[in-house]
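Novice: Coordinates for the following, if possible.
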Amino acid sequence: MPEAAPHATPIVSIRPIEARDDARMAQIIRTVMPEFGACGDGFAINDPEVDYMTRAYAAPRCAYWVVERNGVVEGGGGVAPLEGAEADVCELRKMYFLSSMRGLGAGAMVMERALAAAREFGFKRCYLETLTGMDAAMRLYERTGFRRIDAPMGATGHGGCNTFYLLEL
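Specialist: A predicted model of the protein is given here:
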């Protein structure tokens, strides 16, 4: 039997988050955010839901997916109603990938699933917040049709973010 090629394409899959993924996603979020200076108050790194993602995304009109490569979770992203906003606005949330996963199209795949779910949940607009320096993410958002807006919406509690986007679904 021939051996696998040393540079075989890794198998990437996306699936809904499960309780067994909570600790790994918390670790990923707490690894990625400091890469971009997103530490301290006002950033998602301190959200209580980071340690209990399955609980947070089990609520109505919420969904979260993890991305695995060769069976190891390396990132994820989700969608949920935007706190403090109209009922037809959701938020693209907690979309973080380890550096080993970036550039492979995983972000686009997760975003496609999240936006499809948002439409199924009846949302009409999708909001997101990010941080200057997350340039690749911002390019993805803009390619997907998100447009920059001047001020934050809702009550995310992420006062450290300084770039805001909105997409008409």
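
Novice: Averaged over its residues, which helix or strand of the chain has the lowest pLDDT?
Specialist: Least confident helix or strand of the chain, by mean pLDDT, DSSP states H and E, is helix 22-35 with a mean of 87.

Novice: what's it in contact with?
Specialist: For helix 22-35, the external contacting residues (CB atoms under 8 Å, 6 or more residues apart in numbering) are 17, 39, 43-45, 50-54, 66, 73-76, 94, 96-99. Bear in mind the C-beta positions are built from the backbone N, C-alpha and C, glycine included.

Novice: can you pull the contacts of the residue nearest the centre of the chain?
Specialist: Closest residue to the average C-alpha location of the chain: M95 at 1.5 Å, with CA atoms, centre = their mean. By CB under 8 Å, 6+ apart, the residues touching M95 are G75, G76, G77, G78, G107, V110, M111, A114, L128, A137.

Novice: Now do the same for it: helix, strand or coil?
Specialist: Three-state call for M95 (DSSP: H, G, I helix; E, B strand; the rest coil): strand.

Novice: from here on, count from 601
Specialist: Shifting the count to begin at 601 puts that one at M695.
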